[in-house]
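Colleague: sequence and predicted structure below; questions after.
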Amino acid sequence: MVDKFVGTWKMISSDNFDDYMKALGVGFATRQMGNMAKPSLSFSVDDQGLICMRSQSTFKTTEVKFKLGEEFEEVTADDRKTKTTFTLDNGKLIQKQCWDGKETTLEREISDGKLVAKCSIGKVTAVRTYMKEA
C-alpha cells in the first residue's frame, strides 16, 4: 500500500517546475515563490486508512486527507479549486486534479530510496526529487 511513502521527505532537486506552473496558469509572483520554496513532504496514515499528505515550506503549508479512489475537493497551494483523486498503480501514488476543463497528474514513486514526483500537464512535465529525513 502507501506504507513506503510514510515519513517526511525533504526536496533535493526540482526540474522544469517554472514551466509546469506556467502551464497550470500560475501567476508570476506565485511562481517566483514556488521556485524558491524547498518544501518537505510528509505522509501518514490513520487507523481508518485515511492518508494525510502535508507539504510544508517557508511560504506555505498545505495538507490534504484522502482515501484511495475517492474524489474530493482540494484547494491547491496556488489556490486552484480542483476535484482530486488519488490512486495506487504499480507502486506509484497517482494524484489527478481536474478544474476548469483542465487536468494535471502528479505521479509519485519511490526509486533508489528517493521519492520522485513527476508533475504533468499537457506536454509539460516537472520532476521533483525528495530524500527521506532520518
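Modeller: Alright, I've got the coordinates. Residues are numbered from 1 along each chain as shown.

Colleague: now the helices for this structure?
Modeller: For the chain, applying DSSP state H gives helices covering 17-24, 28-36.

Colleague: out of those helices, which gets nearest to S55?
Modeller: Among the helices of the chain, helix 28-36 comes nearest to S55, with 11.1 Å by CB to CB. All C-beta spots, glycine's among them, are computed from the backbone N, C-alpha and C.

Colleague: just the pLDDT at the residue nearest the centre of the chain, thanks.
Modeller: In the chain, the residue lying closest to the centroid (CA atoms, centre = their mean) is L106, at 5.9 Å. What the model reports for L106 is a pLDDT of 98.

Colleague: again, but for K60
Modeller: 89.

Colleague: what's around it, how many residues?
Modeller: The number of residues packed near K60 is 15, by other CB atoms under 10 Å.

Colleague: without its sequence neighbours, what residue ends up closest to it?
Modeller: Distance criterion CB to CB, 6 or more residues apart in numbering; nearest residue to K60, sequence neighbours excluded, is A77 at 5.3 Å.

Colleague: for that neighbour, report the pLDDT, please.
Modeller: Looking at A77, its pLDDT stands at 90.

Colleague: ok so, going back, for the residue lying closest to the residue nearest to the centre of the chain once chain neighbours are set aside, give the beta-bridge partners.
Modeller: Leaving aside its chain neighbours, L106 sits nearest to Q95 (4.2 Å; criterion: CB to CB, 6+ apart). Per DSSP bridges, the residues bridged to Q95 are F86, L106.

Colleague: can you pull the contacts of the residue nearest to the centre of the chain?
Modeller: By CB atoms under 8 Å, 6 or more residues apart in numbering, L106 lies in contact with I94, Q95, Q97, A117, K118, C119, S120.

Colleague: same thing but 7 Å
Modeller: By CB atoms under 7 Å, 6 or more residues apart in numbering, the residues touching L106 are Q95, A117, C119.
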